[in-house]
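S.K.: The following comprises the amino acid sequence and a computationally predicted model.
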Amino acid sequence: MAEQPGTLLYYLKRSTEFLEKKEIPNPRVDAEWLLSDLLGLPRIKLYSQFEMPLSQKEIDLYRERIVERSKRKPVAYITGKKGFHQFEYFVSEDVLIPRPETEELVDYLFKQKETLTNAFPDGIQIWDLCSGSGCIGLSLSQLLKPNLVVLSDISEKAIETSKSNADKYKLTDVQFYVSSLDNSLPNDLRFDVIVSNPPYIPESEKKDIMPDVLEYEPHLALFVSDILSFHRDLFDSVKRRLKPGGWFLMETHPTYIQELENLAISLGFVSPKKVLDSSNKERFLFLQTESKFES
């Protein structure tokens with residue numbers, strides 16, 4: 001198709017070439033996402049609108065976005081949102097960008113809905129620990145229809161973002177706490193299910209992290225100085241807050257998952273199970289507390 005200056009296709013091609021020269025991975029895909037979001041069109045619809053002229057305002061805004069991406073700023077932070085499972089959540093540089101692996105954590109529990117309903121017939125109370133944008137807890141709120149979902153994060157700005165996401169979907173049975181682990185939660189709060197995507201990358205691995213992540217995403221949500229010490233404290237908090245027979249599902253580092261499982265067992269957790277992600281990596285650790293019927 002012959003491209004005409006001033007059209008959607010013209011600026012899409014120029015932007016793709018610019019990002020390619022800046023060695024941005026998947027330059028065409030990023031250029032399309034940024035343009036489709038700007039125009040309020042589904043990305044696939046761009047292909048039927050190639051000859052559409054862009055206004056000067058649209059051209060200027062699109063150029064700004066492409067320049068930001070050329071500096072490695074992630075697309076989700078430029079658009080301010082990210083699709084996750086069946087939903088779309090607000091994101092900012094105060095929270096991690098939701099990952100496909102974390103969608104798999106949510107999907108794992110969603111597929112266990114009938115089992116959960118049978119295990120907890122009086123209704124489910126869920127705690128999303130280290131909640132960030134709230135994508136895990138808020139998705140489970142909509143998918144599992146629990147009695148209560150609690151979101152907690154050490155970052156006040158992260159909690160502000162998750163509140164905005166709850167407001168977007170008009171979720172009311174959700175409570176929010178700015179808290180280091182369970183320190184600020186009410187003493188009497190106990191849960192049937194606890195989920196977490198905590199920081200789990202050792203600081204020694206920073207050198208291996210791509211610049212898009214290292215330069216923009218919050219290090220507080222990514223890195224730990226001592227992975228075993230941090231998880232010991234996390235497991236202690238979970239064990240205090242999980243009801244007898246309760247479920248704990250955590251995303252973690254495949255390299256350290258066996259050590260973390262051993263640590264959890266030493267602290268009294270039972271029924272450990274390592275769950276594979278779609279890349280066949282041991283990404284998720286499932287644990288339970290002993291049932292009140294067990295000795």
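M.R.: Everything's here; your move.
S.K.: any idea how far Tyr11 is from Thr102?
M.R.: Separation of Thr102 from Tyr11 (Cβ to Cβ, to the nearest Å) stands at 33 Å. (C-beta placed from N, C-alpha, C; glycine too.)
S.K.: The two: who's more crowded?
M.R.: When neighbours are counted by other Cβ atoms under 10 Å, Thr102 comes out ahead of the other of Thr102 and Tyr11, with 23 against 20.
S.K.: Show the model's pLDDT score for the more buried one.
M.R.: Model confidence at Thr102, expressed as pLDDT, equals 97.
S.K.: could you check the distance from the closest residue to Pro146 other than its chain neighbours over to Lys273?
M.R.: Among residues not flanking Pro146 along the chain, Ile124 sits closest, at 3.9 Å (Cβ to Cβ, 6 or more residues apart in numbering). According to Cβ to Cβ, Ile124 and Lys273 sit 19 Å apart.
S.K.: So if I had to pick from these two, which one is more boxed in?
M.R.: Between Ile124 and Lys273, Ile124 has the larger neighbour count (other Cβ under 10 Å), namely 23 against 11.
S.K.: got the CA coordinates for whichever strand in the chain runs longest in CSV?
M.R.: As assigned by DSSP state E, the longest strand anywhere in the chain is strand 242-251. C-alpha atoms of strand 242-251 as CSV (Å, rounded to 0.1, in the frame of the first residue of the first chain):
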residue,chain,number,x,y,z
LEU,A,242,-3.9,-18.1,57.5
LYS,A,243,-6.8,-20.1,59.0
PRO,A,244,-6.4,-23.8,59.6
GLY,A,245,-6.3,-25.6,56.2
GLY,A,246,-5.9,-22.3,54.4
TRP,A,247,-4.1,-21.9,51.1
PHE,A,248,-1.1,-19.9,50.3
LEU,A,249,0.1,-19.3,46.7
MET,A,250,3.2,-17.3,45.9
GLU,A,251,5.0,-16.3,42.7
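S.K.: Okay, now the unreliable bits of this structure?
M.R.: Counting by pLDDT under 70, the ranges of the chain that qualify are 1-3, 292-295.
S.K.: Show me where it has its strands.
M.R.: Assigned by DSSP E, the chain shows strands spanning 81-84, 87-90, 125-129, 148-153, 174-178, 191-196, 201-202, 223-224, 242-251, 270-276, 282-288.
S.K.: Distance to Asp60 added to those strands, as JSON lines?
M.R.: Below are these laid out as JSON lines (distance: least, Cβ to Cβ, whole Å):
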{"stretch": "strand 81-84", "distance to Asp60": "21"}
{"stretch": "strand 87-90", "distance to Asp60": "24"}
{"stretch": "strand 125-129", "distance to Asp60": "39"}
{"stretch": "strand 148-153", "distance to Asp60": "36"}
{"stretch": "strand 174-178", "distance to Asp60": "38"}
{"stretch": "strand 191-196", "distance to Asp60": "42"}
{"stretch": "strand 201-202", "distance to Asp60": "38"}
{"stretch": "strand 223-224", "distance to Asp60": "37"}
{"stretch": "strand 242-251", "distance to Asp60": "40"}
{"stretch": "strand 270-276", "distance to Asp60": "46"}
{"stretch": "strand 282-288", "distance to Asp60": "42"}
